[in-house]
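Novice: need coordinates for the following:
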Amino acid sequence: MALVGSENNDNWEWFLRNLTQVVSDGRPITFHSDRHEGPLRGVPLVYPDSFHSFCYYRLKNNLPITGSNPRYTLVMDHFQEATYALSPGNHAKAIQKIRDLNCDWVADYIETIPPESYVNAYFKGCRYGRTTSTLA
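Specialist: Predicted coordinates for the structure are as follows:
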């Protein structure tokens with residue numbers, strides 16, 4: 001954790017470079033964060049052999065559907081299924097289930113997110129069962 005003036009690319013790079021003073025044994029690391037540009041640019045720059053994973057919790061909370069929609073729970077279940085899919089085919093099936101609910105706008109939004117940044121089937125790093133940056 002760091003206290004900085006704002007969350008921007010320069011501060012993310014500063015934080016990651018300082019982190020190398022305590023975490024720099026050469027092993028690949030998986031970083032979990034939201035879709036902010038800072039870690040997207042900073043992780044490959046400072047930790048080139050490491051991985052960046054989008055936080056499932058933050059992705060889920062940013063889906064363009066609210067709890068007042070009667071299909072909300074099913075959409076969330078299918079998004080979880082898509083995220084944890086172990087094959088590209090199962091990921092595609094889960095997204096199709098969202099479309100089958102007539103929630104194309106949600107599926108379209110999900111398809112703007114690079115699957116290699118959050119879907120188990122595509123993620124190249126190790127997450128050891130963790131898909132979120134939240135501790136609770």
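Novice: any idea how far the helix or strand of the chain with the lowest mean pLDDT is from the middle of the chain?
Specialist: Of all helical and strand segments in the chain, the minimum by mean pLDDT, DSSP states H and E falls on strand 30-33, at a mean of 84. Taking C-alpha atoms, centre = their mean, to the nearest Å, the mean C-alpha location of strand 30-33 is offset from the chain mean by 8 Å.
Novice: check stretch 74-87 too.
Specialist: The answer for stretch 74-87 is 13 Å, by C-alpha atoms, centre = their mean.
Novice: count of neighbours near N18?
Specialist: 12 (other C-beta atoms under 10 Å). Any C-beta I mention is one placed from the backbone N, CA and C, and that applies to glycine too.
Novice: thought it was touching M1?
Specialist: No - applying C-beta atoms under 8 Å as the test, N18 and M1 come out as separate, 11.1 Å apart.
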